[in-house]
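S.K.: Need a 3D model of the following:
(chains A and B)
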Amino acid sequence: MAATCLWAAFAGNTVQAAMEVRASVSQSQVTLADTFEYRIEISGDRIPEDAQPVVPDFSTYGFQIVSGPSSEQRISIVNGAQTSTLAFRWLFQPTREGTFEIAPVRLAAGRAGTLVSNSVRVVVAKTPAVSLPGVGSLSSVTGEGIYPARTGNEANDRILRDKLFLRPVIDKTEAYVGEQITLRYDLYQSPTLGDLRYGIEDRPDPYRDFLVEVLYRPTQRLQFRQERVGDNTFLVAPIEAVALFATKTGATSIPAFAMTADIPVQSSRPRAPRSVFDDFFLDDPFFRQTVRARLVARPLGVRILPLPPEGKPANFSGTVGEFQMAAAFDRNEVQQYDLVNLKVLITGKGQIEAISPPRIPDVSGLQRFKEQSSNQPSPGGDAVSGTKTFEFVLRTTAPGEIKFPSIEYVIFNPKQKRYERLQTQPLALRVLPAPKSERPQVFAPPPVATGAGPLSVEEINRDIDYIQTTGFLRYGLTAGPLYQRPGFLLFQLFPVGLLAVSYAIRRRRDKLEGDVAWARRRSARSVASRRLRGAGKLLAGAEGDRFFEELSRALRQFVADFTNESAAGLTAERIGQLLADRGVENQDVAETVAVLDLCEAARYSSSRPDVAEMRRAFDRASELIDRLARKLRG
Amino acid sequence: MNDTQNNDHSVGKAPAKSVIVSKDKGKVRPSDSRLGVLFWAAGFALLSIVWPSTPPAAPPNISELHRRFSTANEHYQNKRFKEALDEYQTLLLQGVRDPMLFYNAGNTYVQLSQKGHAVAMYERALRLAPRNSHARRNLAYIRPGASSAPFVLWRPFLFVRDLFSSNEWLLIADALFVWIAVAGSLLLLLRHEIARAVLRWLLVIGVMLAVGVAGFLPWRLYQERGRRIGVIVESEVVSRHGPSMTLGEHLRLAEGTRVQILGNEGTGWLCIRPLDTAHRFSERSYVKQEAVEEI
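M.R.: Predicted coordinates:
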């Protein structure tokens, strides 16, 4: 049947114009024996790399995932416009009939909000069961019909209907937890079909609620036997046989088992055959083609019962099966301080590996040393069986006759539907006194206080180190990387800053020491300020001579420092010349000479200068030094 | 220079503060100005990068965390491992990342026979506290012989690398940085020859140690944070040659195997490469995401 795609219109409200999500199925009408593909396609000019659609829970529709999700991405560029398509695909096997509306898929699309796809409808019809004479008895075992092989072509399906099918054989559909359920899949093939090539479809985790022991799986070729079903003869081959041990109670199902068969047909002959199976025995390989048929064994429902609480002994350890138990020492006579092996064998049907060790009673004169176990499954047969051997190594600590009591072990027998107590026979062991010369070589002398066995240091059982209880949160709450902490990063400025400051100080010091002119120029202003401060004090004291002397010295020293000259030999004319050489304006040069002359005149004048005149001279000198400093530095 | 000058000022001394109210007062020389601006700009840039943009969440109650941890330990001592695990998980969900918490949670997973999760917890504990011998011993106990012995000449380097966590290596590097800065600064400023000789040696030793640390620090950082490591947490995981169950089986990975996560396929599959295995298994493989717990 041609695949029908249900491409529906995009139904989202808050959508991005450049992106859309569409859902579709390969077939809208299928049977329980078919598989179909479900596809989600996201298309747009730019699809986020982490685009992950939120899909509905397919198990609610009874769809079992055969494979997927698998994804593929296509990018097409037409006239410079790029379009990307990201597709996710699943292959489903329906497990129940009905009409199912697969809910829309949602995709978070960043600022554009959420994209919503269309919903898709799938109609699952019941598979017409095979009504072969005699197969009814098989159906009574399995409870439902057997699915015929499907090729996708109705004419071929009609012919294959009675010739090729898979039959599941399960020994029980109701079992206790831990009880064995034997499941086998048999392939039935009509001899007229000739040699077919078979393949088994992959099933992800088919027995998820069970512990599985594989009883049979073909390695190379299928082992066919002949079997008569009604009037027909079939070639029958087992495909898989497993022993299942349920691990949890309640109703559970075993998903469908599917195979493919490639059937050789002739198609390119001049005369079209009535059907592709008219003549299977053509020898001409040039005209040979194959048609692929799919065989499906229906899903099986199983009910797992809990173990009955009535009569459950307190020492029941959970072993389920039909078992017997026996115990024996490896010898009846042993020397004191020697080791003796006690073997406990539990034999029967059931999951051998799950048998827990029996509890060994504490017996005076025997010290338990170590234990080990081994499994010996019995090959062949549909029932898992074998022997589990527990070997307890005991050390004799005191001489004498030791009566070893019987060991008790409780199991649940699913066949009898009750708990059973297995018991071993009581055992006897004779312990001879050890020769004195041997004792120190093996063990230290026995402790005086207790008079019990000898002292020794030996490992009875290895285990992990104990939990730690002190020092919690020693590393802080989060113990995140330090380089993400602002405080740590800011601290990195400290050494850098320290080096930078040290370097700057060193550089300045070197310059001060190496360049006297620069050092004098640098400190000229502060020296002048200090002298002016001194002159200011004299101004307040109205000491005219000393005030003008200090004012003159401040101005001279300032010019001398700036020009790297000796202040002692500087006359007003020389100062004027030096300032003029350094580009100071004539007005300021004249003002400097004038202030110096004023100071000289006031110092040697017979009349006492008034305070107002001194104040004016001070202001003139201060402003002049400011101006000169600006100009000489600039 | 005559006496007057010598009396007036001394060369090399910082100039006294001027009393003259000047328009230039406060103006810094061009070189100082540039240095200062650079310094503060770097500081502010660093602050803007590292300072958290969102207000920090309210800190959890420390005494409550201690109480919960003690409760979990009591559950463990009384063999109520599921309850203990619930308490440890609650602490982890509250954002507590403490090596002791990881270690105890790992022990609890061992008792619950969940070897893969236990390995993941021990690995986390060892990341934060690499000298935790208990975690190492337990890891070797539940995963015996998992890691092949490295080449004999590599062992001292691996030993030194695993001696400290990345945070501890960072602190060591930082201490050496300060050491070099202080020694360098004093060397720039001090004039005493003996002191300078000592400082020169200290500087050389500091630089040599820093070079060594500069080798181990990125190595350890890469080990801890530079690659995605996961642990197989399901029993007998079969990896595939591609991200689909329909593709061929590749490797059978035991529970607790460490894997390097090379990428997320986006369809519930992870591209991985098993660690601590023979070289022939070093090719890419694919497993279901739920089979791997990222550390």
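
S.K.: The chain: helices as residue ranges?
M.R.: In the absence of a named chain, chain A is used. Along chain A, the stretches classed as helices by DSSP state H are A:135-142, A:154-160, A:439-442, A:486-491, A:493-514, A:516-541, A:544-563, A:572-581, A:586-604, A:611-633.

S.K.: That was the other one, I meant chain B.
M.R.: According to DSSP H, the helices that chain B contains are B:3-8, B:30-50, B:62-77, B:81-93, B:99-111, B:115-128, B:133-142, B:155-161, B:166-189, B:193-221.

S.K.: Can you add distance to chain A and mean pLDDT and give those helices back as JSON lines?
M.R.: C-beta coordinates here come from the backbone N, C-alpha and C atoms, glycine included. As requested, those are arranged in JSON lines below (distance: least, Cβ to the nearest Cβ, whole Å; pLDDT from 0 to 100):
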{"stretch": "helix B:3-8", "distance to chain A": "5", "mean pLDDT": "37"}
{"stretch": "helix B:30-50", "distance to chain A": "4", "mean pLDDT": "64"}
{"stretch": "helix B:62-77", "distance to chain A": "5", "mean pLDDT": "92"}
{"stretch": "helix B:81-93", "distance to chain A": "9", "mean pLDDT": "92"}
{"stretch": "helix B:99-111", "distance to chain A": "4", "mean pLDDT": "94"}
{"stretch": "helix B:115-128", "distance to chain A": "5", "mean pLDDT": "92"}
{"stretch": "helix B:133-142", "distance to chain A": "4", "mean pLDDT": "90"}
{"stretch": "helix B:155-161", "distance to chain A": "17", "mean pLDDT": "90"}
{"stretch": "helix B:166-189", "distance to chain A": "3", "mean pLDDT": "94"}
{"stretch": "helix B:193-221", "distance to chain A": "8", "mean pLDDT": "94"}
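
S.K.: Serialize those helices to a markdown table and add fields for mean neighbour count.
M.R.: Below are the helices of chain B laid out as a markdown table (neighbours: other Cβ atoms under 10 Å in any protein chain shown):
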| stretch | mean neighbour count |
| --- | --- |
| helix B:3-8 | 14 |
| helix B:30-50 | 12 |
| helix B:62-77 | 16 |
| helix B:81-93 | 18 |
| helix B:99-111 | 25 |
| helix B:115-128 | 25 |
| helix B:133-142 | 18 |
| helix B:155-161 | 12 |
| helix B:166-189 | 19 |
| helix B:193-221 | 15 |
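
S.K.: so where's the stretch 151-300 of chain A shaky on pLDDT?
M.R.: A:266-288 (pLDDT under 70).

S.K.: so residue A:347 makes contact with residue A:321?
M.R.: No: counting by Cβ atoms under 8 Å, residue A:347 stays clear of residue A:321, with 10.2 Å between them.

S.K.: more neighbours, the two?
M.R.: Taking other Cβ atoms under 10 Å in any protein chain shown, residue A:347 and residue A:321 do not tie; residue A:321 has more neighbours (24 against 17).

S.K.: who touches that one in this structure?
M.R.: Applying Cβ atoms under 8 Å, 6 or more residues apart in numbering or on different chains to residue A:321 gives the contacts A:178-180, A:348-351, A:411-414.

S.K.: Now list the buried members of the residues you listed.
M.R.: Among these, those classed as buried by 16 or more other Cβ atoms under 10 Å in any protein chain shown are A:178-180, A:348-351, A:411-414.

S.K.: Let me know the closest of the contacts of residue A:321 to residue B:74.
M.R.: For the contacts of residue A:321, the residue nearest residue B:74 by Cβ to Cβ is residue A:178; the value is 33.6 Å.

S.K.: Distance check, residue A:375 against chain B.
M.R.: 18 Å (Cβ to the nearest Cβ, to the nearest Å).

S.K.: next one: residue A:239
M.R.: Going from residue A:239 to chain B by Cβ to the nearest Cβ gives 19 Å.

S.K.: follow-up on the earlier one: just give me the closest of the contacts of residue A:321 to chain B.
M.R.: residue A:351 (16.6 Å; Cβ to the nearest Cβ).

S.K.: returning to what we had before: is it possible to get CSV of the buried ones among the contacts of residue A:321 that adds distance to residue A:382?
M.R.: Listed next are these as CSV, based on distance: Cβ to Cβ, whole Å:
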residue, distance to residue A:382
A:178, 17
A:179, 14
A:180, 9
A:348, 15
A:349, 10
A:350, 13
A:351, 14
A:411, 21
A:412, 20
A:413, 18
A:414, 15
